[in-house]
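S.K.: Generate coordinates for the sequence data below:
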Amino acid sequence: MRRWILSFLLLTAPALAAPADDFHRLQEDYWAWRLREDPLLASRVGERAYDDRLPDISLAAEDRRAKDRQAFLGRIDAVPAAALSDQDQVNRAVLRRRLSDAIEADRYPQRMMLFTTYYGWHQDFAGLADDLPFRSRADYRSYLARLGLYPRLNDEALRITELAVRGGYVLPCSALDGYDRTISGVIAAEPEQSRFYTPFRKDRPSDIGESEWQAMKGEARRLVTGILNPAYAKHLAFYRTRYLPHCAKADGIAAQPGGGAFYAFRVREETTTDLAPEEIHKTGLAEVKRIGAEMDALAGKAGYPSRAAFIAELRSNTSYYAKSPHEMLAEAALMTKSIEAHLPDYFGKLPRLPFGLKPIPVETAEGTTTAYYSPGAPRAGIAGTFFVNTSKLDQRPLWELPALAAHESVPGHHLQIALQQELDLPEWRRYDSGFTAFVEGWALYAERLGIAMGLYDTPAKEMGRLSYEMWRACRLVVDTGIHSKGWTKAQAVGFMTEHTALSPANIEAEVNRYISWPGQALAYKIGELKIRELRDRAERALGARFDLRRFHDALLSGGSVPLDVLDAQIGRWIADEQSKNP
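M.R.: This is a model prediction of the structure:
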């Protein structure tokens, strides 16, 4: 009888979940949580349940999210890695690092520093229309609802920033010249000229009647005038009267309470390595020396007595500069289309999502970098965007465009990120798992691919490429110099001026970025050096059997991953290639 009962129970009870099932359920739960916590991300990837919401940015919400992440981490650790497939072992490692980094970040009071010279909640919201679909009545209704919610988000951000001011967690004065324009520039005297009104300049969707369309336009104008402009004016007044008078006198994060420990964390987080700031500083100096020798040789080959003489010519010759924003954008468009013709020679798999070209918004252009990329969203029907700076045109030489376009569009950011969105990966990996060392390391490596593509077909363009590589090498020296060695902004500007061909405006904007965003700029060169190391390893191991297209496909096939995971991924690929019959 006992044996019969036991057999019956075994047959009728649900089977014990396998580790792989547990992990797949965990990933589904994590992704549902991420979309719930970030309604804007949800809208971008096609989940419309939260279209009328904005994220909760309060410190209490951050603390709650840290507890949630700790619970997810506990579930991950309960799943033995060895019981998972190779792909799920990668997913496990990636998710574990993301959770661990976010949990640690929440422990530092620097979490109250909500903006840098490169981003801020006010500019993120001003660009809201760039990141959402506008094809139906529901799209426009949810957009208007979100515009009305901005004062609540803004007030919470100001409350947190007030706490940061009281605690001494503020940006240095040296990096904030003109920063108030990023706030005041959003305030539009005429609502129809506001960035927030942009969606209403499009054609009316078919499911909106003309009378309702006019009513929506009226509501948008009312929101700009009565809700958004006052919120931005409140922010501007706070910045000028409360924040700016208390800005930090020291340029480095180490001067803040706990700043040294925070910077060490930022270095680990951004590079996905255990490298110490001193190691990175030395690597930077070595790279500066190597690239400098190449620049010296190029200057001599071009007929100049020195690198400085060649750079002086490049900086001052007006023929190297666009005369209008339209010319700058036209040259950038021509360059990206020229690059696209080469892509099938270097990649076996290319993304389907296109990308467009836009000028950087005027209120941020003068204080920000030369260009940047904004990812698209295939499900939401949003293309990627290559943003080009059309301000201060006498500071933005055309000989930089080949390297710039290769980095920000193809084969750089757009190719890698758009391709990741199409990979056979869990959704959270496709849309929400970017590691700066991989993403920016790839884009810097992509600049180097332009050599074989023939993009740098004049000494000026080749110096532009070398200057861009030198720029990233200098970041290793300057970022660690400011935040771990006590360098001043003047020292950093002097070092960049001496070693790169960047214009004074670009150097100013870049150094302000390093000061206000500690550690982020280290990821580029560290990631690129790792990718080049992996390519060298593959070429040596495979010899004549090495196929560059297959190597690039293998490199991008797992999406954005930490550098140690990438190392193992390429190691497996090399072994697989070696096992094939010649």
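S.K.: Report the residue ranges of every domain in the protein.
M.R.: Using automatic domain parsing, the domain parsing of the chain gives 1-37+58-113, 260-529.
S.K.: is it true that Tyr373 lies in a strand?
M.R.: Yes - per DSSP: H, G, I helix; E, B strand; the rest coil, Tyr373 lies within a strand segment.
S.K.: nearest spatial neighbour of it, skipping sequence neighbours?
M.R.: Nearest non-adjacent residue to Tyr373, counting by Cβ to Cβ, 6 or more residues apart in numbering: His413, 3.9 Å away. The way it works is simple: take the backbone N, C-alpha and C, and place the C-beta from them, glycine included.
S.K.: likewise Ala473?
M.R.: Excluding its sequence neighbours, the residue lying closest to Ala473 (Cβ to Cβ, 6+ apart) is Glu287, at 3.7 Å.
S.K.: I figured that neighbour hits Lys525, correct?
M.R.: Yes - the criterion here is Cβ atoms under 8 Å, and Glu287 meets it with Lys525 at 6.6 Å.
S.K.: Just want to know which of those two has more residues nearby.
M.R.: Ranked by neighbour count (other Cβ atoms under 10 Å), Glu287 and Lys525 place Lys525 first, with 25 against 21.
S.K.: contacting residues around the more buried one?
M.R.: Going by Cβ atoms under 8 Å, 6 or more residues apart in numbering, Lys525 touches 283-284, 287, 441, 444, 472-473, 475-476.
S.K.: change it to 7 Å
M.R.: 287, 444, 472-473, 475-476 (Cβ atoms under 7 Å, 6 or more residues apart in numbering).
S.K.: what's the residue closest to the geometric middle of this structure?
M.R.: Thr436 (6.7 Å; Cα atoms, centre = their mean).
S.K.: Give the closest residue to that one in space, chain neighbours not counted.
M.R.: Per Cβ to Cβ, 6+ apart, closest to Thr436 is Ala523, 3.8 Å.
S.K.: ok, the one you found touching Glu270?
M.R.: Yes - counting by Cβ atoms under 7 Å, Ala523 does reach Glu270; the two are 4.4 Å apart.
S.K.: got any residues that touch both of these two?
M.R.: Residues touching both Ala523 and Glu270 (Cβ under 7 Å, 6+ apart) are 436-437.
S.K.: Thr385 belongs to a helix?
M.R.: No - the assignment for Thr385 (three-state DSSP) gives strand, which keeps it out of a helix.
S.K.: can you pull up the bridge partners for it?
M.R.: Beta-bridge pairing of Thr385 under DSSP bridges involves Gly356, Ser374.
S.K.: how much space between it and Ala443?
M.R.: For Thr385, the distance to Ala443 (Cβ to Cβ, to the nearest Å) stands at 15 Å.
S.K.: again, but for Ser338
M.R.: In terms of Cβ to Cβ, Ser338 sits 18 Å off from Ala443.
S.K.: When these two are compared, which one has more neighbours?
M.R.: Using other Cβ under 10 Å as the criterion, Ser338 and Ala443 rank with Ala443 on top: 25 against 14.
S.K.: Spell out the residue ranges of the strands in the protein.
M.R.: Using DSSP state E, the strands of the chain run over residues 355-359, 371-374, 384-388.
S.K.: want to try CSV for the ones you listed, with mean neighbour count, mean pLDDT and distance to Glu498 as columns?
M.R.: Compiled in CSV, the strands of the chain are given as follows (neighbours: other Cβ atoms under 10 Å; pLDDT from 0 to 100; distance: least, Cβ to Cβ, whole Å):
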stretch, mean neighbour count, mean pLDDT, distance to Glu498
strand 355-359, 17, 97, 31
strand 371-374, 19, 94, 24
strand 384-388, 24, 97, 27
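S.K.: Reformat the ones you listed as JSON lines; add distance to Ala42.
M.R.: Formatted as JSON lines, the strands of the chain follow (distance: least, Cβ to Cβ, whole Å):
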{"stretch": "strand 355-359", "distance to Ala42": "23"}
{"stretch": "strand 371-374", "distance to Ala42": "18"}
{"stretch": "strand 384-388", "distance to Ala42": "19"}
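S.K.: so which of the ones you listed gets nearest His483?
M.R.: strand 371-374 (22.4 Å; Cβ to Cβ).
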